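Chemist: what follows is a predicted protein model with its sequence.
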Amino acid sequence: MLRLAAACTAALLTALPVFAQETAPAASAQDQVTSFTLDNGLEVVVIEDHRAPVVSHMVWYRAGAADETAGTSGVAHFLEHLLFKGTDTLAPGEFSKVVAENGGIDNAFTSWDQTAYYQNVAADRLGLMMQMEADRMVNLRLDEGDIATERDVIIEERNMRVENDPSALMREQLGAALYMNSRYGVPIIGWRQEMETLDLAAAYDFYRRNYAPNNAIVIVAGDVTPDEVRGLAEQHYGPLLPNPGLDAQRMRPQEPPQLAERRLSMTDPRVAQPYVMRRYLAPERDPGDQRTAAALTLLSEVLSGGQTSVLKRAMQFDSQTAVYTSAWYNGTTHDDTDFGLVVVPAPGVTLPEAEAKLDEVLAQFLTDGVDEAQLERIKFQLRAEEIYDRDDVSRMARRYGDALTSGLTLDDIAAWPGLLQQIEPQEIVAAARGVLNRAASVTGYLMPADAARAVPAPPLPVSTTKEVTQ
Amino acid sequence: MKPLIAAAFALLTATPALAEMRIQTVDTPGGFHAWLAQEDSIPFTSLEIRFRGGTSMDVAGKEGAVNLMSALLDEGAGDMDSAAFTRASESLAASYRFDATQDAVSVSAQFLTENRDAAAALLRASLNDPRFDQDAVDRVRAQVLAGLRNDAKDPDTIAAAAFDKVAFGDHPYARPKEGTEDSVAALTRDDLIAAHAATLTRDRVYIAAAGDISADELSVLIDDLLGDLPVSTAPLPPDMQVGTDAGVTVVPFDTPQSVAVFGHEGIKRDDPDFFAAYVLNTILGGGGFEARLMNEVREKRGLTYGVYSYLMPMDHAELYVGRVASANDRIAEAVAVIRGEWARMAENGVTQDELDQAKTYLTGAYPLRFDGNGPIARILVGMQMDGLTPDYVQTRNAQVEAVTLADAKRVAARILKPDALRFVVVGQPVGLDETPG
């Protein structure tokens, strides 16, 4: 089996490029996890793993690109870069230098709902890491010089991630069309013309609104005990004052009813492999209400998780319509999210033909329902992942941080693996009927410039809307 | 016959995280040698197997055969077609990854203790008895071709391939490891069977395991898994010396940001100066903010998001390479700064402060790599391929510490070659003149 690195990529941007691929798996091991909250509102989660005397220290803020104000796109990520500049007591660059001098590795990333900073280091250096993170949570000192040079860096980062990659440009256009009001439609890296105007005031404004102990979660994973972590956290983070003006509700612009299907096509001479991508608006995991999201998570597995899945079987094996298909869904978001599908057609198959086949396969799936043997295999693999996951506490730490900064609680996180096991086949079909609604979707064709003429104009889409909405 | 098991222990304060890591060596009755880091707190095992001689074993005209062969190992084996094989591996929640690099075909497997025997049997079938059914061959070939078409329009891949041509000349390393559209389109099932026989051989195999398995259990598993593989007959590629000339090669490509791959000859992994070279490169082009290239090109001038360099000792040649990407109208300045830093370090070496910082970083960060069964198994198999012994885990940091300022200066003058530093630039660079190489 060949894994094509195709259409969809994660939404993480790092302050420093990460050159090595990180390792995989997913799920939870409750008995390793404890948590507590300091008087100033800082939440702390401890994940114990005593196999090696190392620790991963992460600070997560409930603030990401979707918390930006209009006209300042990219500022959350820009600020993430600027946090590696100085504070009252640390010179620019000194933070990472001290981490390196202590044999540690540090980095950071920004997404729509969160910004996170982390260090992997020997367990006996945890106090020093906390001291420095607490410092830059409130004492950031920036000047115009920092701003100008680092703005050039993020624009080069945009060049690398987006401008040099027609597929990334296409994804931006699709996101902007799918989300009519939510800030999820604005790229995390920012629109270029707005990035060019980001200044000291914009960075400080985002910092002062969002960086405070009562908007942060500290996650410590590795060779530590909860008591040790509590002592160090009280010492370093305890003295910080909470921000009383914080918008705890995080009321951000929501999607209006979506009534009209959107269709885009884009051509670029750098496109080698045309594809059709569709994204539907979809519900996310809500506190105490994760069942539909669990069903959609399983739906993405049933449709494209492995060679026996519905799309791969029907489009890559039986009909050879496609060289690659994928379905994806990430329910761990604060607001409504999306359910995505992509088809890279086989040679000689046009995009309209590929799309028509995709819709046919989806319609057939809604009629046939879920193959119960396949679902059992998926559920067994999810149970096994809980075992594989215990080997990778950094990944577990990321999953906790991601969920907690998306508005979920520790109880929700604990309930999730069990919920996935409970979902019945008919719930998956019902969730599919709910989400596969073309009126709340966008479909995009990405084509090489010369093929734009060769491909016939797309026919009017077959209206499956009526059959698939509840 | 009982397997021979030796344990390597050593305690070293510089690497507390690794002090207690116990690497057992396992010699099986069937004649295989493996390393094991047994850790039974989580009920699964990571198994890493590498066969020396990867895509560089492709016969001329059959480029891409080894790559396509390895992508087909989990597409049907024994009496199972592709779908049956997938259903079986999914039912076990086992994962198998097959990959081909220029120097090795690698197998990364992960399986639960509760169904280890069944998972091993499935892996055994895929390694010994792959079917290469024509429908699977055609389907996966179409995916490889799609990937090649994408690569042909990806500035990074174009730059890397163009640099390989410049550096490796007519050696197999210069050929695309996944083949060309023409060569892949022409591959037959017989070519894949030949590639399988040439690369998956019992005398070129390296094995490591980490996790919930004992030495006795591993010994039995390995003999069963690999015992029936053939002995190698195809020769490995010859050694070669990289020769580059200073200058710039431009590959015109209409895109806003130019990508540059740069470098020249490197240093062998077993060279006595390797550690000095490794420490030097950390100071020059390691990925951190503290490295000189990062500081000069990104932090001071904002010319790029990332710039780095690394030593790349391969089985038959050695490279010292790096990468940078800057907007078309800024790449010339980035290239000039990198050239300047290359020459400055070649001439003056590094400062005591830089050397001390690099050592603290390298020695402190080393244990962080051992963060899970999969990474540990991969490290242990890599060490074997590099000809190291198990005690290397405990002695490696001492070798880093032993590098002196005088060593660093001498080795800087030896390995940094401004006169051979070639840049291959893909994009529409402004102000960069091509120089013949």
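Modeler: Cool, got the structure. Numbers count the residues shown, from 1 in each chain, chains lettered A, B, ... in the order given.
Chemist: count of residues packed around A:Gly71?
Modeler: One way to gauge burial is a neighbour count; for A:Gly71, by other Cβ atoms under 10 Å in any protein chain shown, it gives 11. Where C-beta positions appear, they are placed from N, C-alpha and C, glycine not excepted.
Chemist: quick one: distance of stretch A:86-93 to the chain centre.
Modeler: Averaged C-alpha coordinates place stretch A:86-93 at 30 Å from its chain's average position (Cα atoms, centre = their mean, to the nearest Å).
Chemist: go on, stretch B:178-187?
Modeler: Centroid displacement of stretch B:178-187 relative to its chain, using Cα atoms, centre = their mean, is 23 Å.
Chemist: buried set for it?
Modeler: Of all the residues in stretch B:178-187, those buried under the rule 16 or more other Cβ atoms under 10 Å in any protein chain shown are B:178-179, B:183-184, B:187.
Chemist: what is the nearest of these to chain A?
Modeler: Taking Cβ to the nearest Cβ as the measure, chain A lies nearest B:Glu178 of the buried residues of stretch B:178-187, at 10.0 Å.
Chemist: return the residues in contact with the closest one.
Modeler: Contacts here follow Cβ atoms under 8 Å, 6 or more residues apart in numbering or on different chains; on that basis B:Glu178 touches B:55, B:64, B:67, B:144, B:147-148, B:151, B:184.
Chemist: make a markdown table out of those residues and add secondary structure, distance to B:Glu48 and pLDDT.
Modeler: Listed next are the contacts of B:Glu178 as a markdown table, based on DSSP: H, G, I helix; E, B strand; the rest coil; distance: Cβ to Cβ, whole Å; pLDDT from 0 to 100:
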| residue | secondary structure | distance to B:Glu48 | pLDDT |
| --- | --- | --- | --- |
| B:Thr55 | helix | 19 | 98 |
| B:Gly64 | coil | 24 | 98 |
| B:Asn67 | helix | 19 | 98 |
| B:Val144 | helix | 24 | 97 |
| B:Gly147 | helix | 24 | 95 |
| B:Leu148 | helix | 28 | 96 |
| B:Asp151 | helix | 27 | 95 |
| B:Val184 | helix | 27 | 98 |
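Chemist: of these - the most surrounded one?
Modeler: The member of these that has the most neighbours, counting by other Cβ under 10 Å, is B:Gly64 with 29 neighbours.
Chemist: quick check: chain neighbours aside, which residue is closest to it?
Modeler: Ranked by Cβ to Cβ, 6 or more residues apart in numbering or on different chains and with sequence neighbours excluded, the top spatial neighbour of B:Gly64 is B:Gly179, at 1.9 Å.
Chemist: which non-adjacent residue is nearest the residue nearest the centre of chain B?
Modeler: For chain B, the residue sitting closest to the mean C-alpha position, by Cα atoms, centre = their mean, is B:Thr101 at 6.8 Å. Using Cβ to Cβ, 6+ apart and skipping the chain neighbours, the partner closest in space to B:Thr101 is B:Gly54 (4.9 Å).
Chemist: just checking, the one you found touches B:Gln102?
Modeler: Yes - applying Cβ atoms under 8 Å as the test, B:Gly54 and B:Gln102 come out as touching, 5.3 Å apart.
Chemist: got the residue ranges for the helices in the stretch 201-350 of chain B?
Modeler: B:215-226, B:274-285, B:292-293, B:331-348 (DSSP state H, counting those that start in this stretch).
Chemist: B:Phe163 is nearest to which of those helices?
Modeler: With Cβ to Cβ as the measure, helix B:331-348 is the member of the helices of the stretch 201-350 of chain B nearest B:Phe163 (14.0 Å).
Chemist: that closest one vs helix B:274-285, what angle?
Modeler: With axes from the mean of the first three to the mean of the last three Cα atoms, to 10 degrees applied, the angle from helix B:331-348 to helix B:274-285 works out at 140 degrees.
Chemist: may I have helix B:331-348 exported as CSV, CA atoms only?
Modeler: Below are the C-alpha coordinates for helix B:331-348, written out as CSV (Å, rounded to 0.1, in the frame of the first residue of the first chain):
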residue,chain,number,x,y,z
ILE,B,331,17.4,34.3,-2.5
ALA,B,332,20.6,35.9,-3.8
GLU,B,333,21.2,37.5,-0.5
ALA,B,334,20.5,34.3,1.4
VAL,B,335,23.0,32.4,-0.8
ALA,B,336,25.7,35.1,-0.3
VAL,B,337,25.2,35.0,3.5
ILE,B,338,25.4,31.2,3.6
ARG,B,339,28.6,31.3,1.4
GLY,B,340,30.1,33.8,3.8
GLU,B,341,29.3,31.7,6.9
TRP,B,342,30.7,28.6,5.2
ALA,B,343,34.0,30.4,4.5
ARG,B,344,34.2,32.1,7.9
MET,B,345,33.9,28.8,9.8
ALA,B,346,36.3,27.0,7.4
GLU,B,347,38.9,29.7,8.2
ASN,B,348,38.3,30.5,11.8
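Chemist: helices or strands up against it?
Modeler: Applying 3 or more Cβ pairs under 8 Å, 6 or more residues apart in numbering or on different chains; DSSP states H and E, we find helix B:331-348 packed against strand B:257-265, helix B:274-285, helix B:292-293, strand B:318-327, helix B:405-415, strand B:422-427.
Chemist: B:Ile213 is nearest to which of those?
Modeler: With Cβ to Cβ as the yardstick, what comes closest out of the helices and strands packed on helix B:331-348 is helix B:274-285 (32.4 Å).
Chemist: who are the packing partners of that closest one?
Modeler: Packed on helix B:274-285, when contacts are counted by 3+ Cβ pairs under 8 Å, 6+ apart, are helix B:292-293, strand B:307-313, helix B:331-348, helix B:352-365, helix B:392-401, helix B:405-415.
Chemist: repeat the analysis, applying 7 Å as the threshold.
Modeler: Contacts defined by 3 or more Cβ pairs under 7 Å, 6 or more residues apart in numbering or on different chains; DSSP states H and E place helix B:274-285 against helix B:292-293, strand B:307-313, helix B:352-365, helix B:392-401, helix B:405-415.
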